[in-house]
Structures are given as structure tokens and as C-alpha cells.
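Engineer: Sequence below, structure please.
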Amino acid sequence: MTTRILPATFNFVQNVHMRNPKRHLQATLVGLCLLLATCGQQLPPWRDGKLLVIVPDVSQGAEAELERELALLFGKHLHTAVELIPSPAEKIGQALHKRKAHLAAATLRSRENHAALRFGPSYQSVREQIVCNRDEFFPKTLADLAEKTLVAIAGSAQETALHEAQEKSPWLEWQSRHELNVKDLLQEVAEGTVDCAVANELQLADARNYYSNLAAAFDIGSPSKLAWAFPRDADPELLKEVQNFFGLIREDGTLNRLLERYYGHSGRLRALDAAAFIDRTNRMLPDYRNFFEQAADLTGFDWRLLAALAYQESQWDPLATSFTNVRGMMMLTEDTADRMKVKNRLDAHESILAGAKYLALLRETVPARVPEPDRTWMALAAYNQGYGHLEDARILTERAKLDPDSWADVKKWMPLLNRPGYYDTLKHGYARGGEAVILVESIRSYHDMLKRLEPGPPAEADEEETSYHLFGPMQHVLR
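Structural biologist: Numbers count the residues shown, from 1 in each chain. Alright, predicted model coming up:
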């Protein structure tokens, strides 16, 4: 590569030498520093060559998989090859400054006043939170963190949020962790080896699948508006293409579908709270019980199972809406609503009937040889993650020489669908399998409570003493 000395750099060195010859060496070194900071390596042309994209390491989990899929889709949008370059968050800025990549697709907190980087359009907004072990230490304000051990991943959106908070609270201190991921930090918090960590709401929701003692104490500043990063002198045409790309995938629903795939049920998992459930059963369930009974008559499921599913999905809120646009009492995606011919997902009656019919469809898809109640538990898992991912979990179970027709065995392997060593050997790829297991087990608990709170006729109650009364004769309503 031919190196060209910039006129400004040459003039700076020359002028200093003329004024004070003794500073010649110092000035030369400064000039060389300026030169090295501006030259960097030559990037291949992205239009007809190869797009180099920095992405998180796969150990980062869902956010890494989402970014990789978005980057590859962007390559298709440009009709160019894409090379993915894994990198820890702390090294991204330097790599872009040295022109080692055209962009970084790495869940960064966008900042308009960033001196060295430019940012594309925000595609996701997440709250950054102080996460602590509620059994050990639970602060109410930043001041409570004084003399406590607070940790964050070096260079992450969480650390950026801390730096912004430090501008108003100069005393705020934390440990920057290198070569780790947020899951590692949250495990340390759960096990009590550190007091608190910073994580976004989606990272916390994932960790709570495994550590129920984790809780968000409070938010750090404003939510992170996540965006791709570019060198300060990025090609304007590439920036324009990124704007166009995100506009298109928002408009055609691709972005929502991807967010749903990787984060769809985050924030809707709740630890079983018997008192809150009993309170809502008394106050809210009577308004919708008739709808659940109609859906039960149509599909053959116990109405209380459908009510338990709806509670797990929306806490019986007909207007519930997630940030991925899953909506209504049964939290239907747009695709599922279209498939079930739903006109208004926020109409409780429509949502309940459609959710019940969709669950029945999934149950009929599960092989008939699978016995009850396992067949219904598997249908519920598929309701959460999709039937393809359920089948992948059954394949993993079979590979382990366990029974793929037993929910007790399948639920041991379904959480592994979020680990690269497993999901990349399967047809349907990454899934939040641990979330599906928790959903099924929570619904079973809610269903058992409803059978005690809302007992059926005496004959039915006697039957429930010895079996799971989940459904009656299945009506063929889905043809």
C-alpha cells in the first residue's frame, strides 16, 4: 500500500522545526502518530467485493445470533458477499478506526456525539438495568452502590450507559470485565461473588430462566437505542443503504419476526406469585370465563388450561403488546393471527378462540403415539417456540438415548437449543428453549391452582383426582 503524507501533517512538523529545532524529534513523533491514526488498512470495495462486518462472539447468545442474521440479510440486500469478524465489544471502536471492517453489527448504544464513530438507524430499544441478587443486596439508588462491587462488560452498551451516568455521579465506580459475557456476570451475581452487574432487560430475562434470585433494582439512564456502528469517514452510500435496509425490513415485518424469534417472550416470564394469581382470578377471570369455556367447547381442551395459558401469556390483559408486536390476550404474532383468520388481535374473544385453535392444531401435529399429558405439554412448548424447534428438541433427546415422546426427557434437552454446539446441528437453528420449558411448567402450576379455585362438576372433580383432565373428544375444527 502506498502511503501519502497529508499536507496538514507535513506543515505541522515543518513549522515546529522552524520555530524550535530542539523540538524536531518530538514533532516528528507527533506527526507520525497523526499519520498512523489516519492511514489504516485498505478495505475491499463493498459494492463489488466483500462486506466486512464485525459481530459479537457466539458466546453472547441471542444478541450475537440476531446480529449475524441481520448482517447476512444486509449482504443479500447489497448483493455482495459478507465476511463476519467476531470481536469483543471493547475492541470494536479501535477496529473500525483502523478500517478493519466496513461496519460493526454488535448491539451498540448509539451516541450522536461520538468522536470516532457514526451510527446507523436504531433498530431496538432496551433498558439498561442494575441487576442484583435480591436475597443478598438490593439497592434503591446509585448512592447505595458505594463501596459495593459493580461489574460490566468492557466496551458494552452497559458500560457506555455507566459512563453517561458517571457524568452526573462522578463517584460512580465499577469493574470492567474482559473476555466474558453478560451471562457470566449475572451468574456471579446470582451466586453472590459480586454484588451487582449491569445488563439490559432482555439479558436479565434470559438469565432469570436459570437464576430466579436475580432482579432489576433500577434503570441506568435512558434506554439504549441499539444501532450498527461505522467509521467516522464511512462511505455515504453504505450509510444510505443501511437506512434503506432497516426501512424495508421494518415495513415487511422481517425485523419484527427476527426480534420475535430471538427475544419474543422476554419480559413476559414471571415467577409464580400465588397471591397475585388468586387476586386476578377473583377480579378478572369472571369477565373472560365464558370465552374460555366457548374455546374449550370448540377444541376439547379444559377451559382452565386455556385460561392458564392466557394468564402466562398476558396476565389476562386483552390489550397486551410486546415490543416485537405480539399482541392480545393470547399474545398472537401477526403470522399466527393471519393463519387463524383473526381480524383484531386485541379483541379478547377472537384472541382466545384463535389461541385455543392454534394450540389444538399444534397438539394434532405432535405424533399420535405421544401419550397425554405429554402431548399437550409439547404443544404448549411449540406454542411458545414453534413446532420446528420442538422437533429439534425431540431429536436432541433421541440422540441422548432418552425418550423423545416423554416431556420429562424432552424438557431436559430443550434449553440446549440456545447453545451453538447443539442448535447448529439442527434444522431450525437457535431457539430460546429454556423459556419454553419454564412456560410449560408455569402453565401446569396455574392450571393446578385453577382446578382448586374453580372446581368442575363432582364427576369431573373425581376424575381429576387420578388424571390430568386437559381435554375431551377433539373436534375437527382446523381443517
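Engineer: going forward, measure contacts between C-alpha atoms and count neighbours the same way
Structural biologist: Fine.
Engineer: Would you confirm that residue 314 contacts residue 322?
Structural biologist: No: judged on Cα atoms under 8 Å, residue 314 makes no contact with residue 322 at a distance of 9.6 Å.
Engineer: what about the two, which has more around it?
Structural biologist: A count of neighbours by other Cα atoms under 10 Å puts residue 314 above the other of residue 314 and residue 322, at 20 against 17.
Engineer: give the contact list for the nearest residue to that one once chain neighbours are set aside.
Structural biologist: Closest residue to residue 314 apart from its sequence neighbours, by Cα to Cα, 6 or more residues apart in numbering: residue 329 at 5.6 Å. Going by Cα atoms under 8 Å, 6 or more residues apart in numbering, residue 329 touches 310, 313-320, 345-346, 348, 351-352.
Engineer: Same check on residue 186?
Structural biologist: Residue 186 touches 131, 197, 204, 207, 214, counting by Cα under 8 Å, 6+ apart.
Engineer: you'd agree it is in a strand?
Structural biologist: No: assigned with DSSP: H, G, I helix; E, B strand; the rest coil, residue 186 falls outside any strand and is helix.
Engineer: Quick check: it vs residue 426, distance?
Structural biologist: For residue 186, the distance to residue 426 equals 28 Å [Cα to Cα, to the nearest Å].
Engineer: and if you look at residue 137?
Structural biologist: Residue 137 is 41 Å from residue 426, by Cα to Cα.
Engineer: what's the pLDDT at the residue nearest to residue 314?
Structural biologist: Listed pLDDT for residue 329 reads 94.
Engineer: what's the distance between it and residue 296?
Structural biologist: 16 Å.
Engineer: what does residue 205 give?
Structural biologist: Using Cα to Cα, we find residue 205 at a distance of 31 Å from residue 296.
Engineer: Residue 340 too?
Structural biologist: 16 Å.
Engineer: Identify all contacting residues around stretch 95-108.
Structural biologist: 37-43, 46, 51-56, 63-64, 67-68, 71, 89, 92, 116-117, 156-157, 225-232, 234.
Engineer: Quick check: strands, which of these are part of them?
Structural biologist: Counted as lying in strands by DSSP state E, out of these, are 51-55, 117, 225-231.
Engineer: farthest pair in those?
Structural biologist: Across the ones in strands among the contacts of stretch 95-108, no pair lies farther apart than 51 and 225, at 24.0 Å, counting by Cα to Cα.
Engineer: Compare the two (neighbour count), which wins?
Structural biologist: Comparing residue 51 with residue 225 by other Cα under 10 Å, the one with more neighbours is residue 51, at 24 against 18.
Engineer: How about the more buried one: what's its closest non-neighbour residue?
Structural biologist: Per Cα to Cα, 6+ apart, closest to residue 51 is residue 82, 4.7 Å.
Engineer: what's whichever strand or helix holds that neighbour in contact with?
Structural biologist: Using DSSP states H and E, residue 82 sits in strand 81-86. For strand 81-86, contacts defined as Cα under 8 Å, 6+ apart pick out 49-58, 68, 71-72, 75.
Engineer: could you dump those residues to JSON lines with pLDDT and distance to residue 413?
Structural biologist: Formatted as JSON lines, the contacts of strand 81-86 follow (pLDDT from 0 to 100; distance: Cα to Cα, whole Å):
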{"residue": "49", "pLDDT": "78", "distance to residue 413": "42"}
{"residue": "50", "pLDDT": "91", "distance to residue 413": "38"}
{"residue": "51", "pLDDT": "95", "distance to residue 413": "37"}
{"residue": "52", "pLDDT": "96", "distance to residue 413": "35"}
{"residue": "53", "pLDDT": "97", "distance to residue 413": "33"}
{"residue": "54", "pLDDT": "96", "distance to residue 413": "31"}
{"residue": "55", "pLDDT": "96", "distance to residue 413": "28"}
{"residue": "56", "pLDDT": "92", "distance to residue 413": "25"}
{"residue": "57", "pLDDT": "87", "distance to residue 413": "23"}
{"residue": "58", "pLDDT": "82", "distance to residue 413": "20"}
{"residue": "68", "pLDDT": "94", "distance to residue 413": "24"}
{"residue": "71", "pLDDT": "96", "distance to residue 413": "29"}
{"residue": "72", "pLDDT": "95", "distance to residue 413": "29"}
{"residue": "75", "pLDDT": "95", "distance to residue 413": "34"}
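Engineer: ranking the residues you listed by neighbours, who comes first?
Structural biologist: Busiest of the contacts of strand 81-86 [other Cα under 10 Å] is residue 54, holding 29 neighbours.
Engineer: Which phi and psi values does the residue nearest to residue 296 when sequence neighbours are not counted adopt?
Structural biologist: Leaving aside its chain neighbours, residue 296 sits nearest to residue 303 (4.9 Å; criterion: Cα to Cα, 6+ apart). Main-chain dihedrals, residue 303, degrees, to the nearest 10: phi -60, psi -30.
Engineer: ok, residue 303 to residue 455 distance?
Structural biologist: 11 Å.
Engineer: The two: who's more crowded?
Structural biologist: For residue 303 versus residue 455, neighbours defined as other Cα under 10 Å are more numerous around residue 303 (24 against 13).
Engineer: Show the pLDDT at the spatially most central residue of the chain.
Structural biologist: In the chain, the residue lying closest to the centroid (Cα atoms, centre = their mean) is residue 263, at 3.3 Å. Looking at residue 263, its pLDDT stands at 73.
Engineer: any idea how far the closest residue to it other than its chain neighbours is from residue 276?
Structural biologist: Closest residue to residue 263 apart from its sequence neighbours, by Cα to Cα, 6+ apart: residue 202 at 7.0 Å. Counting by Cα to Cα, the gap from residue 202 to residue 276 is 23 Å.
Engineer: which one of these two has more residues nearby?
Structural biologist: residue 202 (20 against 10).
Engineer: The spatially closest residue to residue 348 that is not a sequence neighbour: which element?
Structural biologist: Excluding its sequence neighbours, the residue lying closest to residue 348 (Cα to Cα, 6+ apart) is residue 318, at 5.2 Å. If you go by DSSP H and E, residue 318 is not part of any helix or strand.
Engineer: Pull the contacting residues for residue 318.
Structural biologist: Here residue 318 is in contact with 328, 329, 330, 346, 347, 348 (Cα under 8 Å, 6+ apart).
Engineer: And the buried ones among the residues you listed, selectable in PyMOL?
Structural biologist: Those of the contacts of residue 318 that count as buried under 16 or more other Cα atoms under 10 Å are selected in PyMOL with:
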select buried, resi 328+329+330+346+348
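Engineer: give me the low-pLDDT residue ranges for the stretch 201-350 of the chain?
Structural biologist: Low-confidence segments of the stretch 201-350 of the chain (pLDDT under 70): 209-210, 260-261, 264-275.
Engineer: now residue 355, what's its secondary structure?
Structural biologist: helix.
Engineer: for residue 298, same thing?
Structural biologist: What three-state DSSP gives for residue 298 is helix.
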